[in-house]
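**Student:** Mind looking at a prediction? Sequence and model below.
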Amino acid sequence: MLPAQQGYDRAITVFSPDGRLYQVEYAIETVRRGTIALGVKCKDGIVIAVEEKPRKLQINETAQKIFQIDDHVGVAAAGYIPDARSQVDNARFFSQSNKMIYDEAVEVETIAKHLADQCQQYTQYAGVRPYGVALILGGVVNNTSQLYLTDPSGTYISYDAIAIGSGSDSVTDFLEKTYKEDLTLEEASTLAAAGIYLSSEDKEGTGHIRMAHIKTEGGLYELVSDEQIASYANSAKEKYPHDKN
């Protein structure tokens, strides 16, 4: 590796002289190389969306990067997807255990903290490696929308809108300029589609977009149909034409 690192990148438990954990940074770079994923909070609920790139003969469902955790919580992932599946299984077990013990829906923040704590543990023990995935967790609890990001360092942060993965810097700039707190679910879905087009090489099709809603009314997770996604995509092209550039 780079001579200046002098082997500090080989041990997860050792800080470099300039205060860096290289293995954690490499894991975060894995996230940055993944396809784009977004989460948008709106007055009607939560929108999570991802770009999926299955091969021509591949069954789309097996290229999954968007997952349901519980009736009221969904996750979008960017990075090393096998690690995402592991964390999703962990989150599902944690959520169901909480429901059995306390007889109530678990807060999205509680799930995010639980997953972030596990990620943090994997930065300080020898014989393990950091998770190479970041997750956007969105859900509705007691008619309140909640959106959180977890990353390989063990950080968890709440957002109104967030993008992760390849091209996330430009998409985040786009969200910062266009996001409004009073967006409807349809407007937030259009915004999410525009964000994916901004990052994606495919500026016209819709087969690479997956999306889910968790509505404030009812608070239930539901996948968005291909027809609805196509409608949001068409609206995105009309409202945000710059994403074709």
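**Tutor:** All right, it came through fine.

**Student:** helices and strands around the host helix or strand of residue 96, which ones?
**Tutor:** Assessed by DSSP states H and E, residue 96 sits inside helix 81-102. Packed against helix 81-102 by the contact rule (3 or more C-beta pairs under 8 Å, 6 or more residues apart in numbering; DSSP states H and E) you find strand 66-70, strand 73-79, helix 108-121, strand 133-141. C-beta coordinates here come from the backbone N, C-alpha and C atoms, glycine included.

**Student:** right, so of these, which gets closest to residue 127?
**Tutor:** Nearest to residue 127, of all the helices and strands packed on helix 81-102, is helix 108-121, at 11.9 Å by C-beta to C-beta.

**Student:** what is the orientation angle of that closest one with strand 133-141?
**Tutor:** Compare the direction of helix 108-121 with that of strand 133-141 by axes from the mean of the first three to the mean of the last three C-alpha atoms, to 10 degrees and you get 160 degrees.

**Student:** Name the residues that touch helix 108-121?
**Tutor:** When contacts are defined by C-beta atoms under 8 Å, 6 or more residues apart in numbering, helix 108-121 is touched by residues 69, 73, 87, 90-91, 94-95, 98, 130-131, 135, 137-139, 141, 146-156, 158.

**Student:** what do you get for stretch 175-184?
**Tutor:** Outside stretch 175-184, the residues that touch it by C-beta under 8 Å, 6+ apart are 38, 40, 42-44, 160-163, 191, 194-195, 240.

**Student:** and if you look at stretch 188-195?
**Tutor:** With contacts defined as C-beta under 8 Å, 6+ apart, stretch 188-195 is touched by 36, 38, 40-42, 44, 47-49, 161, 163, 171, 174-175, 178-179, 183, 209, 211, 213, 224, 228-229, 232-233, 235-237, 239-240, 243.

**Student:** again with stretch 159-170
**Tutor:** Contacts to stretch 159-170, defined as C-beta under 8 Å, 6+ apart, come from residues 31-41, 51, 78-79, 134, 136, 147-149, 151, 171-172, 175, 179, 181, 191, 195, 198-200.

**Student:** Can you select the buried ones among those for me in PyMOL?
**Tutor:** A single PyMOL command suffices to select whichever of the contacts of stretch 159-170 are buried according to 16 or more other C-beta atoms under 10 Å:
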select buried, resi 31+34+35+36+37+38+39+40+41+51+78+79+134+136+147+148+149+151+171+172+175+179+191+195+198+199+200
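
**Student:** now the strands for this protein?
**Tutor:** With DSSP state E as the criterion, the chain has strands at 37-42, 45-51, 66-70, 73-79, 133-141, 144-150, 156-158, 161-164, 209-215, 221-223.

**Student:** So for residue 19, which of those sits nearest?
**Tutor:** Of all those, strand 156-158 sits nearest to residue 19, with 20.7 Å by C-beta to C-beta.

**Student:** That closest one: partners in the sheet, and parallel or antiparallel?
**Tutor:** Strand pairing for strand 156-158, using DSSP bridges, gives strand 144-150 (antiparallel).

**Student:** sorry, back to before: how about the helices and strands packed on helix 81-102 in TSV, adding distance to residue 187?
**Tutor:** Below are these laid out as TSV (distance: least, C-beta to C-beta, whole Å):
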stretch	distance to residue 187
strand 66-70	20
strand 73-79	19
helix 108-121	22
strand 133-141	16
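
**Student:** Now render those as CSV, adding mean pLDDT and distance to residue 218.
**Tutor:** Compiled in CSV, the helices and strands packed on helix 81-102 are given as follows (pLDDT from 0 to 100; distance: least, C-beta to C-beta, whole Å):
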stretch, mean pLDDT, distance to residue 218
strand 66-70, 97, 14
strand 73-79, 98, 14
helix 108-121, 97, 16
strand 133-141, 98, 8
